[in-house]
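> Predicted model and sequence below, questions to follow.
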Amino acid sequence: MLNGREASGKGAEFESDWKDCEREPIHRPGSIQPHGVLLTLEPSSGRILQASENLDQLGSISATAALGRPLSEVLAAEVAETLQAELAAKLPAEPTPSSAQAGPANANRGAANPQRRPVFLGTFTLPSAEAPAAGSYQAIAHRTAGAVVLEFESITGESSGRSAVDLQTLVDAFILEVEAVNTVDALSRVACDTIRRMTGFDRVLIYRFDEDGNGTVVGEAGSGRLPSYLDHRFPASDIPAQARELYRINPLRIIPDAQYRPVPVFPAENPATGKPLDMSFSTLRSVSPVHVEYMRNMETAASMSVSVLRGGELWGLISCHHQEPRTVPFPLRQACDLCARVFALRLSSLEHVDEYAHRIRVRSAFSRLLNEMTDRGDFAPALAANRRDLLALTGSQGAALLTAEGCYLVGETPAEDQVRELAQWLYTSVDEDLFVTDRLPSLFPPSDAYKDSACGVIAAAISKIHASYVLWFRPEVIRTIRWGGDPRKPHADAERAGESGESGESGESGDRRVPARLHPRRSFATWRETVRDRAPGWTASELEGAAELRNAIVGTVLRKAEELAALNAELLHSNKELEAFSYSVSHDLRAPLRHIVGYAEMLRDDSADVLSERGRRCLETIIESSQYAGRLVDKLLNYSRLGRSQLQCGEVDLNQLVAEVRQELMREAEGREIVWEVAELPRVSADLMLLRVAVQNLLSNAVKYTRERPLARIEVGYRECPSELEFWVKDNGVGFDMAYADKLFGVFQRLHRWEDYEGTGIGLANVRRVIERHGGRTWAEGQEEQGASFYFSLPKAAPTPAP
Amino acid sequence: MLKPILLVEDNPKDLELTLLALEKSNLANDVITVRDGAEALDYLFRRGNYRDRPDGNPAVVLLDLKLPKVDGIEVLEQLKADSRLRPVPVVMLTTSREEQDLVRSYALGVNAYVVKPVAFQEFIEAIQDLGIFWAVLNEPPPGSYKPERKR
C-alpha cells in the first residue's frame, strides 16, 4: 500500500517468497535514513554504544571514534549539557526487566507503553551556531532494550516553521468539526482536510483495513498533484503482517525522501545485548528496500503515516504523500497523532451509535418473534407469519423454515425442492449449529442455479435427528472493486527495478534477506475487478441474531418434546386404564348377558308348553336382544383392540388380500350376481391382520348394500399421489346421503333401518381406525340409491406407529 | 369307575348353566364343583376338606379364570408345576377375550381355552365338545351311566 509497503507483494505463485517477506525483520534494519544521526547510549554511564556512520556531520568525530565516549566529547559542550539535563528530566525511568525484554509484539501504542515512547528534547543547531555548514536538528530520545536511543533529526523545508499556537488552533478546529459530523465518511473527509492543512502534504488518505488485512481508501484530500485513490483497494500483502504490527505499536512513521541511501549503524549489534538494535520506536529507522521501491513506483517522494487504533487493534492509517521530499517536525507529528486519536474516538462513537440502533432493531424483531413462537407453540408457522421481523433479524431478503412437518418460504428464496436439497446437503456435510457463508456456490455447486436469491446463507440447525433448519438468504451482488494497481502482478520487471533502485541496499547486513526477484508492482493505475458469486457479508450482530433465534427455537422445541413426553406418559396411563376398562366390560358385562340368554333358553326349553304364544315371543325377543347386546360388547372390544395392538408391518400384496376376502364373501353371497372389477393393485407396507379388517369391512359393505340390485357392480382400484396411495371401493348399491358422509365412520353409526340392513354399525369405524393407525385417511362419497364410493389412503413411506 | 370332572366356578349362575350344559352333553363322569381357587387346590392336592377324598386325578379340570382367593391362572400354575398333576388336562373357561390371559394360559400349559359365548346354545355346544373330547380320551368303560348332578 501507499505508505506502508515494507515488503513485497503477494501473488498466489509467490506464496513462499511472500512468507519470506512476512518474516523480514523490518524493526531491526541495522541502518537509518540519512536525514539524521542516531546514537545509542549506555543507560547508566551515558557513554556511546553505537553510532550511525554519518555521525561526523554533527562535528568532526567519526562513528568509530565516538564509541565508548560520553556525549560531551562528541558534541559541543553546552549542547551535550542541555541534552543530558533534558534526558534526565524527560526520559521515563529505566524499564523493568520484563518490559525491557518485551519485543514489539508485546509493546503497545506509546501511551500504553510510556517507557518506550519517544520524547522531544529540543531543537539544536549543530555542529555549532558558528559553523558554516551548521543545520537545525531536533533531538528525540527513547529507551530500547539495554540502551537509550538518541536521534538527531534534520529539519528543513516550509513546514518546519509552524508555531505551537498555529497547531493548537488547527487541532481545536478539528475537534469542533469532528463533533459535528454524523457519518464515518464525513469524519474521514474532515480528518484528511485537517491533516493536509497542518502538514502541507500533496495527498492525505484514510486507509482502512478489513479483517483480512486488505486496505480500502475511505477518505482523501489532495492538491491534485498526485492521483486520487479514493475507494481503491490494496491487497493485504502491500502491508504485510509484521508491518501492520509495527504500525500498531508505533503510531508514527515518516520517510522524508524515498531516494535516500541508508546509513548503517556501527556496530550492527548493540554491545550491551549482543543483538541488532530494535528500532521499532526509532524515528530514523530505515525501511525495507521493497517499500522504497514501492514509493518510487507510486511516484511519491515523501510519506508519513499515522496509525488509527480501535480497542488496541489497527483500524487503519492516515497516510500522507508528497511529490517532493518533505520533512515534518516532531511537534507537528505529535499534533497529527493527536488528530488520529480524536478521529479514532469519534469513529468508535459513530459506529457504536450505528450498532446500537441496529441492535435495538434486531432486539425488538427478536422479541416479537419470540412472542409469536410462544403464542403459537409451533415455531415454523409462527416465524413464517412474521415475515418482516424474521428478515430484519439478519438483514436478509429471504428465509426458509424447514421442519419434519413442512417447508415455509418467506421473501426471495429458491424453490422448495431446492431448499430441501440444500438442507439435505447441510445435514450431511455440515456439523456446525450455525453455518454461515457469503459464497454458497463455491461450497455447494448446485446452488449456482439460484444464487440470485441464495448466494449468502445463514443456516441454523434445529435438530440433530432430521434436516430441520431456519435458513436466511441473500442474493448475489456483483461488485466492482477498484484496485490500486493489479494486485495479481506484484513483481513488475525484476531487472529494471534492480538496476534503478537496489544499488544502495547492496551492502546491507546479513539480516536482510529479501529475495532479489521480489519487487512491488510498477503500475498503480486503477485496475477493476468484478467480483461475482458473492453476497454481501453477514455482520456480527446479524449472526448473533440468528444464533439467538436458534437458541430460542431449540428451547421451544425441547420444551415441546418434554410436553410430548409427558403427554405420551399420560396416554400410556390412560391406555392402561382403557385396557382395564375393556377387560372389566368384557368380563362383567358379558356375564350377565350370557346369563339372561342362558336362563331364557332354559325357560324356553323347560316350559315352552306352559307359556302363551305371546310369552314365547317375549322370551325369543329377550334372547335375541341379549345376544345382540353381547355382540355389541364383543365388537366394541374388538374395536378397542384394533387401536391398541402393536402394528406389525410387512409387505402386503393387496391383490391377494382382496382375492381372499372376496372369496369368503362370495361364499356367503351365494346365488347373487356380482360383477367385480378389481384393478391390478400394488404391494404396500402394512399390518396384514389390521388391513384385512379394513378390506373385509369395505368389501362386505359393498356386497351387503348392493343386495337389492339384480346386477351388483363392485369396483376396487387405486391411484398414485405424490406422497400417498389412494384406494377405493365403489359399488352401485343403495348409497347414502352425503349429509351423513362424516358420520359414517363413527362407532355404532347406522344409516339404515334394522329391517333393511343388519349390522352393528362399527365396520367403518374399524376401517378408519386401521387406516389412521397406518398414517392414512378415509373418506366416502355417495348419493342415495346411486351407489357409494369409499376411499382410503396409505402413505408411501413406511407408517410411523401412532399411539 | 370314570374319573370325575373338576369344575371350578364361583358364579352360581354360570355354575348352574355349565352343569346344565354338561348334563345335556351326556357325559358319564361325575362332576365335582368347587367355588374358588383355594378349594380347587385343596381338592387337587388332597388337603383341607379334601384330605380324605379317594386318590386319583380328575379326568379334566374346567377352570374359570377369575376366581376368589386364588385366581385361575395361579391354580393352573400350581397344577402344572406338580409332576403328578401335570398330565391332567385343563380347560380354561372364561368370559374374557383379553389376549394376555390367553397367552399366559398357554404359556402355563393349558390344554384348551374357551371363551364362554353369550349365546347359550353355543356355550352348550362348546362344553359338549370339550366334555366329549376329554371323556373319550379317558376311555370310559362300556355301559356307563348318565351321571347325576352333584355339587
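That came through fine.
> The stretch 651-800 of chain A: helices as residue ranges?
Applying DSSP state H, counting those that start in this stretch to the stretch 651-800 of chain A gives helices spanning A:654-668, A:688-704, A:763-773.
> Would you mind giving those helices as a markdown table with mean pLDDT, distance to chain B and mean neighbour count added?
In this view, the C-beta of every residue, glycine as well, is placed from N, C-alpha and C. Putting these into a markdown table (pLDDT from 0 to 100; distance: least, Cβ to the nearest Cβ, whole Å; neighbours: other Cβ atoms under 10 Å in any protein chain shown) gives the following:
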| stretch | mean pLDDT | distance to chain B | mean neighbour count |
| --- | --- | --- | --- |
| helix A:654-668 | 91 | 19 | 15 |
| helix A:688-704 | 91 | 12 | 21 |
| helix A:763-773 | 88 | 16 | 22 |
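> any idea which element the residue in the stretch 101-250 of chain A that chain B sits nearest to lies in?
Across the stretch 101-250 of chain A, the shortest distance to chain B (Cβ to the nearest Cβ) belongs to residue A:211, at 68.2 Å. For residue A:211, there is no enclosing helix or strand under DSSP states H and E.
> which residues touch the most centrally placed residue in chain B?
By Cα atoms, centre = their mean, the mean C-alpha position of chain B lies nearest to residue B:62, the distance being 1.6 Å. Neighbour list for residue B:62: B:5-9, B:18, B:91, B:93, B:130 [criterion: Cβ atoms under 8 Å, 6 or more residues apart in numbering or on different chains].
> same thing but 7 Å
Residues near residue B:62 by Cβ atoms under 7 Å, 6 or more residues apart in numbering or on different chains: B:5, B:7-8, B:91, B:93.
> host element of it?
strand B:60-64.
> what about the residue in chain A that chain B sits nearest to, neighbour count?
Proximity of chain A to chain B (Cβ to the nearest Cβ) peaks at residue A:630, 2.9 Å away. Number of residues near residue A:630 (other Cβ atoms under 10 Å in any protein chain shown) recorded here: 20.
> Quickly note the distance from it to residue A:318.
As judged by Cβ to Cβ, to the nearest Å, residue A:630 and residue A:318 stand 100 Å apart.
> Now do the closest residue to residue A:444 other than its chain neighbours, the pLDDT please.
Nearest non-adjacent residue to residue A:444, counting by Cβ to Cβ, 6 or more residues apart in numbering or on different chains: residue A:425, 5.5 Å away. Note for residue A:425: predicted pLDDT of 92.
> just the one 3 residues further on next, same as before
Looking at residue A:428, its pLDDT reads 89.
> Report the secondary structure element holding it.
Using DSSP H and E, residue A:428 falls within helix A:416-429.
> For that helix, which helices and strands make contact with it?
strand A:398-402, strand A:407-411, strand A:469-474 (3 or more Cβ pairs under 7 Å, 6 or more residues apart in numbering or on different chains; DSSP states H and E).
> which residues touch that helix?
Contacts of helix A:416-429 (Cβ under 7 Å, 6+ apart): A:400, A:402, A:407, A:409, A:413, A:435, A:444, A:446-447, A:450, A:459, A:467, A:469, A:471.
> ok, of those residues, which one's closest to residue A:272?
residue A:435 (55.4 Å; Cβ to Cβ).
> Check the secondary structure at that closest one for me.
Secondary structure assignment for residue A:435 (DSSP: H, G, I helix; E, B strand; the rest coil): strand.
> Who are the contact partners of it?
Residue A:435 sits in contact with A:426, A:459, where contact means Cβ under 7 Å, 6+ apart.
> Same list (the helices of the stretch 651-800 of chain A) but as a markdown table, adding distance to residue B:122.
Formatted as a markdown table, the helices of the stretch 651-800 of chain A follow (distance: least, Cβ to Cβ, whole Å):
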| stretch | distance to residue B:122 |
| --- | --- |
| helix A:654-668 | 19 |
| helix A:688-704 | 22 |
| helix A:763-773 | 22 |
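> and the residue nearest to residue A:69 when sequence neighbours are not counted, which of the three is it?
For residue A:69, ignoring the flanking residues on the chain, the nearest one in space by Cβ to Cβ, 6+ apart is residue A:48 at 5.6 Å. The local conformation at residue A:48, judged by three-state DSSP, is strand.
> on that earlier part again, helix/strand/coil for the residue of chain A closest to chain B?
Residue A:630 - assigned by three-state DSSP - is helix.
> Does it touch residue A:593 like I think?
Yes: taking contacts as Cβ atoms under 7 Å, residue A:630 lies within contact range of residue A:593: 4.5 Å.
> and stretch A:35-44, what's its mean pLDDT?
92.
> so who does residue A:82 touch?
Contacts of residue A:82 by Cβ under 7 Å, 6+ apart are residue A:122.
> which element is it on?
Using DSSP H and E, residue A:82 falls in helix A:77-90.
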